[in-house]
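fold the following and give me the result.
(2 chains)
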Amino acid sequence: MAAAVTIGEASVPHLPRGVRLKFDKPRDQWVLLAPERMFVLDDIALEIVKCCDGKASVAAIADDLSARFEAPRDTVAKDVIILLQDFAEKGVVAA
Amino acid sequence: MNAASPHIDPPLAMLAELTYRCPLRCPYCSNPLEMTAASGEMDTGQWLGVIEEAADMGVLQIHFSGGEPTVRQDLEDMVGRAEVLGIYTNLITSGVLIDQARLEGLADRGLQHIQLSFQGTEEAGADRIGGFRGGHRKKLETARLAGEIGLPLTINAVMHRQNMDDLESMIQMAVDFGAKRLEVAHVQYYGWGLRNRAALVPTREQLEHATEIVEAARERLKGILVLDYVVPDYYARYPKSCMGGWGRQFLNVTPSGRVMPCHAAETIPDMTFDSVGERPLLDIWEQSKAFTRFRGTGWMPEPCRSCDRREIDWGGCRCQALALTGNAAATDPVCEKSPEHERIAALAAAEAAAGTDEFEYRRFGQGG
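Model (predicted):
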């Protein structure tokens, strides 16, 4: 049986097969399309999801976002982990 | 908000009912009692045109359904076109007609996800419900193939009085197949399901037990399996937000090309439905009589009109209101604020206690 994912600094997140990031032009929003569901992404969630390329670790993502948005790294890392853990439990992020 | 609201967003999803043909004869099928035969189905070119129009409108997901959509040998072309146009594709199937080559072919053309229905977990019982011998075994094979190919899989467990004991094993089966999502869907009473209601409706005790099982499994399987749960309306306090509100998020195209707000809308008398090819899909969505009739809140009677849930459940289900009260514009009688609410709950309890276990199986031509 598959084990539940726990997201930490060392996790390397990616969008699993069957999940797709798309700009929804008529409604002017970014969405994650998933099996029979969709999730509308706010600006922060979008930046995080865009980093989920299967190469960058959560630690690297936190470094990157912290530098780009001039925000405290601790806070950024915490936010990234909370969001990705939630998405992993919804099945739209894997690591 | 007015019923003929000036602006309505395009639909998020389209249900493409490619055919009503299906080897299974499930007694709760959502297809209408009077079904279009193969000769009345749209051809490949017509369907590809519908998919183009849907993409232009901004539809994000297409659910290919039926009947059994894999009856259509041109399914691959439709999936391929949707993929090229950037639409997320989902196949809703019984899984009994798919072999490895077909499933791989569909995945190669861009199919994103497959939803596979099960009638139970025990072969004889499941085959009896589906009315198709050998069906269950074939479904197991299709689920295994999906895992092998890596195609994301949802198991759709259709539950009712006669298979409720299979719920725990259904959940385990979904985990074992590596499904990421399980839809535990109590039968809804439209079409054939309405006709067979007395054989399907669970007791309140069964429902409560099922709900406990689902809630415990959700906790236990967090991060492994997402469980969606559709309760049988008749025991609910509030109606479901049917289709996310009439003409708000979904449109349904029937095998012959009629465009409807939901797959049961044909049961409502004095409704007229436009067909693709005769009128642009966007125009049907925005302006047609069928789509504007129950859109928004302007059509609502009391107690809906002044209810603080009016934009949560959008008045519930019109087809259900019709089926249970004879009036499609009535408050959904599932709602505890409906004067009919007690009668409906009592009806469900009485049928669950005394109803026959015999099914009237889905069939062509004699339903009406």
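
can you point out the buried residues in stretch B:193-213?
Residues B:193-203, B:206-207, B:210, B:213 are the ones in stretch B:193-213 that count as buried (16 or more other C-beta atoms under 10 Å in any protein chain shown). Bear in mind the C-beta positions are built from the backbone N, C-alpha and C, glycine included.

what's the answer for stretch B:134-148, then?
For stretch B:134-148, a neighbour-count test (16+ other C-beta under 10 Å) marks B:135-136, B:138-140, B:142-143, B:145-146 as buried.

how about the helices of chain B, start to end?
Using DSSP state H, the helices found in chain B span residues B:44-57, B:75-84, B:100-108, B:123-130, B:135-149, B:167-176, B:191-195, B:197-200, B:204-220, B:281-287, B:289-293, B:318-325, B:341-354.

burial count for residue B:318?
As a burial measure, residue B:318 scores 27 neighbours (other C-beta atoms under 10 Å in any protein chain shown).

do the same with residue A:27
Quick note: residue A:27 (other C-beta under 10 Å) scores 14 neighbours.

that one against residue B:9, yeah?
Yes: look at residue A:27 against residue B:9 with C-beta atoms under 8 Å: they come within range, at 6.0 Å.

what residue ranges in chain B score low on pLDDT?
B:1-6, B:366-368 (pLDDT under 70).

who are the contact partners of residue A:11?
Listed by C-beta atoms under 8 Å, 6 or more residues apart in numbering or on different chains, the contact set of residue A:11 reads A:5, A:57-58, A:84, A:95.

look up how far residue A:67 lies from it.
Separation of residue A:11 from residue A:67 (C-beta to C-beta, to the nearest Å): 20 Å.

ok, back up a step: widest-spaced pair of the buried residues of stretch B:193-213?
The distance between the two most remote of these (C-beta to C-beta) is 27.9 Å, for B:195 and B:213.

how many neighbours does whichever residue of the stretch 1-150 of chain B sits closest to chain A have?
Residue nearest to chain A within the stretch 1-150 of chain B: residue B:58 (3.4 Å; C-beta to the nearest C-beta). Applying other C-beta under 10 Å, we find 16 residues neighbouring residue B:58.

tell me the phi and psi of it?
Per-residue torsions, residue B:58: phi 110, psi 20 (degrees, to the nearest 10).

in this structure it contacts residue B:8, no?
No: with contacts defined as C-beta under 8 Å, residue B:58 does not count as touching residue B:8, sitting 11.7 Å away.

end to end, how far does stretch A:32-47 reach?
End-to-end distance for stretch A:32-47: 13 Å, by C-alpha to C-alpha, to the nearest Å.

any idea how far the most far-flung residue of chain B relative to its centre is from residue B:331?
Computed with C-alpha atoms, centre = their mean, the residue of chain B farthest from its C-alpha average is residue B:306, at 29.5 Å. Distance, residue B:306 to residue B:331, using C-beta to C-beta: 12 Å.

now do residue A:60
For residue A:60, the distance to residue B:331 - C-beta to C-beta - is 55 Å.

between the two, which one's more packed in?
Ranked by neighbour count (other C-beta under 10 Å), residue A:60 and residue B:331 place residue B:331 first, with 24 against 13.

could you find the closest non-adjacent residue to the more buried one?
residue B:338 (4.5 Å; C-beta to C-beta, 6 or more residues apart in numbering or on different chains).

you'd agree that neighbour is up against residue B:327?
No: using C-beta under 8 Å, residue B:338 is not in contact with residue B:327; the gap is 11.4 Å.

settle it for me: which of these two has more neighbours?
Comparing residue B:338 with residue B:327 by other C-beta under 10 Å, the one with more neighbours is residue B:338, at 21 against 12.

and the more buried one, how far from residue B:227?
29 Å.

remind me, longest helix of chain A?
The longest helix of chain A (DSSP H) is helix A:73-90.

what is it packed up against?
Counting contacts by 3 or more C-beta pairs under 8 Å, 6 or more residues apart in numbering or on different chains; DSSP states H and E, helix A:73-90 packs against strand A:37-41, helix A:43-50, helix A:58-68.
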